[in-house]
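> coordinates for the following, if possible.
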Amino acid sequence: MLSFAITILVITNHTSDIFSSYKLDLIYYLSMFSICLIGVIPLGTIVYILFLFFDNPSYQTAIHIFARKKCEQRANKNAPYIASYLSCFLYEVIKKNDIVDIPVSDTSINYSGYAIRKNSVIYRFITPVADMPDVDEYNLQKILQNTVIGQLNHYGITGLSSVYQDTTTIVPSVYIDRILYSEEKHLVAVDVLYICTSKDLLYYQNAVRESNNKNKAERTVYDDEV
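Now for the predicted structure:
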């Protein structure tokens, strides 16, 4: 009888220890769950508010305006400095081009200002000509850009970096973005991008992609016609 009582007591104590262990584990997991819940709810609320903020067209417009103002501030500060070197460089590019004959002098490349396109600064230079070039604006842009790359590779550009480089990409720092003819005024306008920021790089990559797609479409049409 005594042995049976001792056995019951031991079993009861062991069972009590098991329940206590389970109880401690339950308290621990409930505590961890509460801590996670307390952390997740504010974080989720912040993410939801940010989603509503950026999804609102008026806020998107405000962000775009803010980015544009920052770009304009940078341009106002750096434009005269960069434009002076680009003007000299463009003179060398046009003078050394053997495909298209555009008479220029060191004073005929005139800087007329800049424009903001997709948060990048585009510098415009104007040169007077007696007659328009024999090629159209698009082909002149390609011809001059090839000369730009050769000039940068062999001689660089005075006062500025000849390449833009980040952790994964290296590209020429100067890109002829657009050519415009004015036959009435006998002027050729050259829009130039100087690549010095990640946004400039993105603009350049998109422009090159669009140009390559256009070239591909032209070749496809030509093959079909043949």
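> quick one: buried residues of stretch 140-148?
Neighbour counts over stretch 140-148 (16 or more other C-beta atoms under 10 Å) mark 140, 141, 143, 144, 145, 147, 148 as buried. In short, each C-beta sits where N, CA and C put it, glycine included.
> which elements pack onto the helix or strand where residue 127 lies?
Assigned by DSSP states H and E, residue 127 falls within strand 120-128. Applying 3 or more C-beta pairs under 8 Å, 6 or more residues apart in numbering; DSSP states H and E, we find strand 120-128 packed against helix 57-96, strand 110-117, strand 187-194, helix 198-225.
> I'd like the average pLDDT over the following helix or strand past that strand.
Downstream of strand 120-128, the first helix or strand assigned by DSSP H and E is helix 137-154. The pLDDT scores in helix 137-154 average 94.
> what does the following helix or strand past helix 137-154 rub up against?
Scanning forward in sequence from helix 137-154 by DSSP H and E, the next helix or strand is strand 163-165. By C-beta atoms under 8 Å, 6 or more residues apart in numbering, the list of residues contacting strand 163-165 from outside reads 152, 170, 171, 172, 173, 195, 196, 200, 201.
> redo those as JSON lines? Include distance to residue 84 and neighbour count.
What follows is the contacts of strand 163-165, written out as JSON lines (distance: C-beta to C-beta, whole Å; neighbours: other C-beta atoms under 10 Å):
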{"residue": "152", "distance to residue 84": "17", "neighbour count": "19"}
{"residue": "170", "distance to residue 84": "25", "neighbour count": "9"}
{"residue": "171", "distance to residue 84": "22", "neighbour count": "17"}
{"residue": "172", "distance to residue 84": "19", "neighbour count": "18"}
{"residue": "173", "distance to residue 84": "15", "neighbour count": "23"}
{"residue": "195", "distance to residue 84": "17", "neighbour count": "22"}
{"residue": "196", "distance to residue 84": "15", "neighbour count": "17"}
{"residue": "200", "distance to residue 84": "18", "neighbour count": "21"}
{"residue": "201", "distance to residue 84": "23", "neighbour count": "18"}
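> since that was my last question, I'll sign off now.
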